[in-house]
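Participant: When you get a sec, could you give me coordinates for this:
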Amino acid sequence: MKNILFILCLYKLVEGALIPTPFITDPVVIQRAGRDTTEKYFERKLFKSPYGIAFTKLRNTSPQGEIVLSTDCGWHRLVYVYLEEDGRQAAKWIKAYAEFGSGVGQFDEPMGICIDTTIYNGMGNEYTIYIADKINNRVVKLKYKVAEEILQYAGTFGSGFYNPTDVACVAKDGGGAYVVIVEQGNHRLSLYETYSNGSSSLIQRYGELGPGIGRFSMPSGIAICKATDGGVYFIYVTDTGNNRVVCLRFQPGQGITWERVYKKLGDCRFLSVTASQYYCVYVTAFKENKIYVFTPGLTELLYTYGNSELLNGPKDVYIDWDRLGLTERWTAGTGIQYFKIIPEVREFYPDPAIFDATKDSVKINFKVYETKHYLTMGIPDAGVTLFEEQEFVPGSYSVWWDGRDSLGRVVLPGEYLIRISCQGEVIATTTVRVKGTRVAGVLSSDEHWTEDDEPYVLTGDVEIPGGGRLVIDPGVKVMPVGNYVLSTYTGYQTSNKLIAQGTALNPILFTPHRKLFSQPDPVLRGFWCGIKFSGSGEDDTLLLKYCIIEAAGRKIIY
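Facilitator: Okay, the predicted model is just below:
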């Protein structure tokens, strides 16, 4: 049999944070496995209509082994592949299990599948596989035996099902697991608990036919994972007939409660859902050729991935850590896709983009995509760290910066870089502009200070040149940062002009560079020198009207 190679590498970046990852790298890169692919590499079609997909890395295998399974509801069987990782991943073998029928080793339209990684009866070299055998109205349990590299029938799981379409599980702390099954015929889900000895019990059935709370219509997919708050689990259901995705909350000992719903207008046909404790919720929309990506608990739709070129009728979706598997319509070029989930911070921006640090603060917004991070946000030019190694799960966040540096001083006007880092690596940057103009030295001969460019921050002594003019508009703030002076040329026949005309409602303020509102900084007497006007010409002009001068007069100017 020809070798089929799998590799975890970045292929190309497209919308969202799902990165299509090649299945085959030799002799050419193939990201999608379809009928042509299998006929070329396996000399057979392999599938008639793949539906369910699941995969996991195997314990105690060297080199690292991985099992990938997919149900084929067209040929009523299960196809499974063993991958052996040694630098890159190569398929060691590919096998099929079962045929059409209702007995042992038979299926009638197998659909959803999941892998239970829980160790039962101390058998660490076995994995439990659950398959929703739809038309046979049962959930089949298989055991994958790592040493023998085979699947074996292990009975059925639970009872009383009518057209089950999907099954999911999550390991419990201390052993065992929770298993959930969704049924289209009964329009409900069933929640079971398994124990370390392999036994199980029904905890609760939930749902009935209808459009409201606690009701479903032809539900297709189900997922379960730990919630962000300890001891609680989220159960997600694609309520296909009602064109919505539902989030339920399960707390052991208290049962299942309705949490929230995401409903889409039109018929997008939500089919499958998958989620994990640390990553997002991924939902397939069969008719739209999209994957919807939500934050945990469906609190926010982060983005959608896909179109008719990238996806072709997406069916089942499955997550294992940072890898996502997907089945779609089986054609010459489409059928199974594989994605790497790349952690990202996006929509990172300040609001507003420009702010006056002497009066206001700025809100810095960002979205954490895909997975939990421990992040640090800093403004290096201000020497400020806004948060450090703080945990963020997927979602939208905001943090405020008051415009101060590490010493508590208001920062100077200019553009400031804001960056987010993860494990010491910068993963996102944006900038914010602090409003104002830095001023020092000799001004131009005709200077005009306006509200658009204020505050005018004196970073040194400022001089109006001989024959020069400085006009200051109402509402302007002139703010020295130290012991500086605003003066005029002192030579012969100066023709100096300083015209600062405020109004009663909008005065001009000369004050130290500081916070004016919202816990204003105190005014320090004698902080700066003040204004020195020298005039020896007939047309010298000094006009100060409705001006407030604070904390001036620190040193004598001769």
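Participant: Following the chain onward from the lowest-mean-pLDDT helix or strand in the chain, which element is next?
Facilitator: Taking mean pLDDT, DSSP states H and E as the measure, the chain has strand 5-6 as its least confident helix or strand, at a mean of 31. Next helix or strand after strand 5-6 toward the C-terminus (DSSP states H and E): strand 18-20.
Participant: what helices or strands is that next one leaning on?
Facilitator: Using 3 or more C-beta pairs under 8 Å, 6 or more residues apart in numbering; DSSP states H and E, the elements in contact with strand 18-20 are strand 336-341. Glycine gets a C-beta too; all of them are placed from N, C-alpha and C.
Participant: ok now whatever helix or strand comes next after the strand it packs on, how far from the chain's centre?
Facilitator: Proceeding N to C from strand 336-341, the next assigned helix or strand is strand 344-351, under DSSP H and E. In terms of C-alpha atoms, centre = their mean, to the nearest Å, the centre of strand 344-351 is found 11 Å from the chain centre.
Participant: Can you classify the closest residue to E391 other than its chain neighbours as helix, strand or coil?
Facilitator: Nearest residue to E391, sequence neighbours excluded (C-beta to C-beta, 6 or more residues apart in numbering): Y374, at 5.6 Å. Here Y374 is recorded as strand under DSSP: H, G, I helix; E, B strand; the rest coil.
Participant: tally of neighbours for Y374?
Facilitator: 12 (other C-beta atoms under 10 Å).
Participant: A428 now?
Facilitator: A428: 19 surrounding residues under other C-beta under 10 Å.
Participant: do the one 10 residues further on as well
Facilitator: Here the count is done by other C-beta under 10 Å, and R438 has 14 residues near it.
Participant: List the beta-bridge partners for it.
Facilitator: V457 (DSSP bridges).
Participant: Tell me, domain by domain, which residues of the protein belong where.
Facilitator: For the chain, automatic domain parsing gives the domain ranges 5-342, 345-434, 437-549.
Participant: which of the ones you listed is buried the deepest?
Facilitator: domain 5-342 (a mean of 19; mean count of other C-beta atoms under 10 Å).
Participant: can you give me the strands in the stretch 301-450 of the chain?
Facilitator: Taking DSSP state E, counting those that start in this stretch to define them, one finds strands in the stretch 301-450 of the chain at 301-305, 317-320, 323-327, 336-341, 344-351, 354-355, 362-369, 373-379, 384-392, 395-401, 414-422, 425-434, 437-442, 446-449.
Participant: Tell me which strands the third one pairs with, and in which orientation.
Facilitator: Strand 323-327 has the following sheet partners, assigned by DSSP bridges: strand 317-320 (antiparallel), strand 336-341 (antiparallel).
Participant: gap between the first one and the chain center?
Facilitator: For strand 317-320, the distance between its averaged C-alpha position and the chain's averaged C-alpha position is 17 Å (C-alpha atoms, centre = their mean).
Participant: Would you mind checking the average pLDDT for that strand?
Facilitator: Across strand 317-320, pLDDT averages out at 95.
Participant: Just give the closest residue to the residue most central in space within the chain, not the sequence neighbours.
Facilitator: Closest to where the C-alpha atoms of the chain average out (C-alpha atoms, centre = their mean) is Y369, at 1.1 Å. Once flanking residues are discounted, Y369 sits nearest to E344: 4.1 Å by C-beta to C-beta, 6+ apart.
Participant: isn't A223 right up against A168?
Facilitator: Yes: between A223 and A168 there is a contact under C-beta atoms under 8 Å: 4.8 Å.
Participant: Touching both of these two, which residues are there?
Facilitator: V180, T274 (C-beta atoms under 8 Å, 6 or more residues apart in numbering).
Participant: So what touches stretch 474-484?
Facilitator: So stretch 474-484 is in contact with 358, 412, 440, 449-451, 454-462, 472, 486, 501-503, 506-514, 516, 527-529, 546, 554-555, going by C-beta under 8 Å, 6+ apart.
Participant: change it to 6 Å
Facilitator: 449, 451, 454-461, 502-503, 506, 508-510, 513, 528, 554 (C-beta atoms under 6 Å, 6 or more residues apart in numbering).
Participant: rewinding a little: burial measure for the residue nearest to Y369, as a count.
Facilitator: 19.
Participant: Which pLDDT does the model give it?
Facilitator: 82.
Participant: before we move on, the earlier item: OK, contacts around the residue nearest to the centre of the chain?
Facilitator: With C-beta under 6 Å, 6+ apart as the criterion, the residues that contact Y369 are A17, L302, E344, R346.
Participant: on that earlier part again, right, and the residue nearest to E391 touches E388 too?
Facilitator: No: the pair Y374 / E388 is not scored as a contact, 9.2 Å apart, by C-beta atoms under 6 Å.
Participant: Where does pLDDT dip in the stretch 1-150 of the chain?
Facilitator: With pLDDT under 70 as the threshold, the stretch 1-150 of the chain has low-confidence stretches at 1-16, 23-29, 86-90.
Participant: Tell me where it has helices.
Facilitator: 35-42 (DSSP state H, counting those that start in this stretch).
Participant: How about R269, nearest residue that isn't a chain neighbour?
Facilitator: The spatial neighbour of R269 that comes closest, neighbours along the chain excluded (C-beta to C-beta, 6+ apart), is F286 at 3.9 Å.
Participant: How much space separates that neighbour from Q501?
Facilitator: Distance, F286 to Q501, using C-beta to C-beta, to the nearest Å: 69 Å.
Participant: cool, and E85?
Facilitator: 77 Å.
Participant: Now stretch 514-526: average pLDDT?
Facilitator: 88.
Participant: let me fix that: stretch 458-466
Facilitator: pLDDT averaged over stretch 458-466 gives 93.
Participant: Quick one: distance of that stretch to the chain centre.
Facilitator: Computed by C-alpha atoms, centre = their mean, the chain-centroid distance of stretch 458-466 equals 50 Å.
Participant: In contact with T371, which residues are there?
Facilitator: Y278, Y279, P343.
Participant: Repeat that for I499.
Facilitator: If you count contacts by C-beta under 6 Å, 6+ apart, I499 has them with V471, L543.
Participant: beta partners for it?
Facilitator: V471, L543.
Participant: Next one: it relative to I464, how far apart?
Facilitator: For I499, the distance to I464 - C-beta to C-beta - is 11 Å.
Participant: Then T450?
Facilitator: 17 Å.
Participant: next one: N163
Facilitator: 87 Å.
Participant: before we move on, what about Q106?
Facilitator: For Q106, the distance to I464 - C-beta to C-beta - is 96 Å.
Participant: Likewise for E39?
Facilitator: For E39, the distance to I464 - C-beta to C-beta - is 85 Å.
Participant: Over to I508?
Facilitator: Computed as C-beta to C-beta, the I508 to I464 distance reads 16 Å.
Participant: do the same with Y282
Facilitator: In terms of C-beta to C-beta, Y282 sits 65 Å off from I464.
Participant: gap between the two ends of stretch 216-227?
Facilitator: One end of stretch 216-227 sits 22 Å from the other (C-alpha to C-alpha, to the nearest Å).
Participant: Run through who's touching that stretch.
Facilitator: With C-beta under 6 Å, 6+ apart, stretch 216-227 has contacts from 165-166, 168, 170, 178, 180, 182, 184, 187, 207, 233-242, 271-277.
Participant: average pLDDT across that stretch?
Facilitator: Stretch 216-227 comes out at a mean pLDDT of 96.
Participant: Same question for stretch 433-448.
Facilitator: Mean predicted confidence for stretch 433-448 is 95.
Participant: With just CA atoms, put that stretch into PDB.
Facilitator: Taking Å, rounded to 0.1, in the frame of the first residue of the first chain, the C-alpha atoms of stretch 433-448 are listed here in PDB:
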ATOM      1  CA  ARG A 433      -2.100  58.700  20.100                       C
ATOM      2  CA  VAL A 434      -1.900  61.000  23.100                       C
ATOM      3  CA  LYS A 435      -3.300  64.400  22.000                       C
ATOM      4  CA  GLY A 436      -1.200  67.500  22.100                       C
ATOM      5  CA  THR A 437       1.900  69.200  20.900                       C
ATOM      6  CA  ARG A 438       5.400  69.200  22.400                       C
ATOM      7  CA  VAL A 439       7.000  72.700  22.300                       C
ATOM      8  CA  ALA A 440      10.500  73.900  23.100                       C
ATOM      9  CA  GLY A 441      13.000  76.400  21.800                       C
ATOM     10  CA  VAL A 442      12.400  79.400  19.500                       C
ATOM     11  CA  LEU A 443       9.000  79.500  17.800                       C
ATOM     12  CA  SER A 444       8.300  80.400  14.200                       C
ATOM     13  CA  SER A 445       7.700  84.100  13.500                       C
ATOM     14  CA  ASP A 446       3.900  83.600  13.200                       C
ATOM     15  CA  GLU A 447       2.600  80.900  15.600                       C
ATOM     16  CA  HIS A 448      -1.000  80.000  16.200                       C
END
